[in-house]
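[1] Below are the sequence and a predicted model for it; my questions follow.
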Amino acid sequence: MIVDGHSHIGWDSHHGNSDIDNYIKFAQDSGIDAAILMLVLAPCHVKGDPSTVACRWTYENGRAEYYGNKNPFRRLNYELYETILRKTSDSLRLSFAPYFHPRMDEPEAFDQLLCETSPIAIKIHAFGCGIGPEHIDPEFVEIIHKHDLPVIVHTSFERINQNPKMHEIRNLNNPIYWADFFERNRIRGVLNHGATLDLKTFKKVNSSDYLMVALGPDRITCSNDNRLRIPCCGDWRKYLTLLRDHLDTSKIIYDADFNWNVFVGEPMDTSSVDRVREIFTAPSDQAAILGENLLRFMPRARTVFVGKERDKMPR
């Protein structure tokens, strides 16, 4: 089974539309059997209208300010959950991960959302929320423990300051900070974007029961050396090879990161699974990275994608 561990659905204030029907076609053409879907990073309530973005933030001199309503993603999370229930099928098994805002969500509402949607994981995105691991209060840690859910996080790093606002947030989400947070709080965490190819983080991941690294989107992640600890000069083969050589195969998860997986103006990229197979040539490694690792790390995913709980899903 090939499982996409992280892709986005919704209308983003900067990136535009990420449509679920387009995702389904992409997944089928890519050979994906199951997927964890979540909102785009800056979701809008009205398609095509950036002024309806769910929340805004500023971050200057170490201080964050947040603008918008409490529980900014709540309605959009429920809408996506209902859409996933309608769209899942035997040929492509879809599941839901709610988008969580650590500073604007209320604990009771967050807990209720998890109770009512029974998700596979939780998603936190630094750029959509203007946060880092230091912004997650103990009461939310308790709720995550209560539901025993892994957390998928955007990780980043920026060597040269090209945008002061984003530079602070990028480096606040250094993968080693997230790795330390997950280990300290005994939360299972997935470090996206290859954990910026940070060897210190890789060493911690290899020795931890709480950490995994997601590799996608390989072609985009390897294209900006200012945001990688080890430059790749746009060479996805080098990027995937570095992951292969420095991480235990059991610690790597495949994710497509639709539709942040193409450059502007490019057609749909349906070759990401093939690229993984090219670099990880052993069939056992391919099976682990493309699905088995995620199913082991997220037991609820195995239940939803493989086990009896699928019988409850609409066809």
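    Arrived safely, thanks for sending.
[2] quick one, strands of this protein?
    Listed in chain order, the strands of the chain (DSSP state E) span 3-12, 16-18, 34-39, 56-60, 63-67, 93-96, 122-124, 151-153, 189-191, 211-214, 252-253.
[3] Of the ones you listed, which is nearest S284?
    Closest of those to S284 is strand 252-253, at 12.8 Å (criterion: CB to CB). In this view, the C-beta of every residue, glycine as well, is placed from N, C-alpha and C.
[4] Give me the helices and strands touching that closest one, please.
    Secondary-structure packing of strand 252-253 (3 or more CB pairs under 8 Å, 6 or more residues apart in numbering; DSSP states H and E): strand 211-214, helix 293-297.
[5] which of these sits most buried?
    Among the helices and strands packed on strand 252-253, strand 211-214 has the highest mean neighbour count (mean count of other CB atoms under 10 Å), at a mean of 26.
[6] how about a markdown table for the strands of the chain, with mean pLDDT and distance to D269 added?
    Formatted as a markdown table, the strands of the chain follow (pLDDT from 0 to 100; distance: least, CB to CB, whole Å):
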| stretch | mean pLDDT | distance to D269 |
| --- | --- | --- |
| strand 3-12 | 97 | 12 |
| strand 16-18 | 91 | 14 |
| strand 34-39 | 98 | 15 |
| strand 56-60 | 87 | 30 |
| strand 63-67 | 89 | 34 |
| strand 93-96 | 97 | 20 |
| strand 122-124 | 98 | 22 |
| strand 151-153 | 98 | 21 |
| strand 189-191 | 98 | 21 |
| strand 211-214 | 98 | 17 |
| strand 252-253 | 98 | 18 |
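[7] quick one on the thing from earlier: want to throw the helices and strands packed on strand 252-253 into a markdown table with distance to G128?
    Below are the helices and strands packed on strand 252-253 laid out as a markdown table (distance: least, CB to CB, whole Å):
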| stretch | distance to G128 |
| --- | --- |
| strand 211-214 | 17 |
| helix 293-297 | 23 |
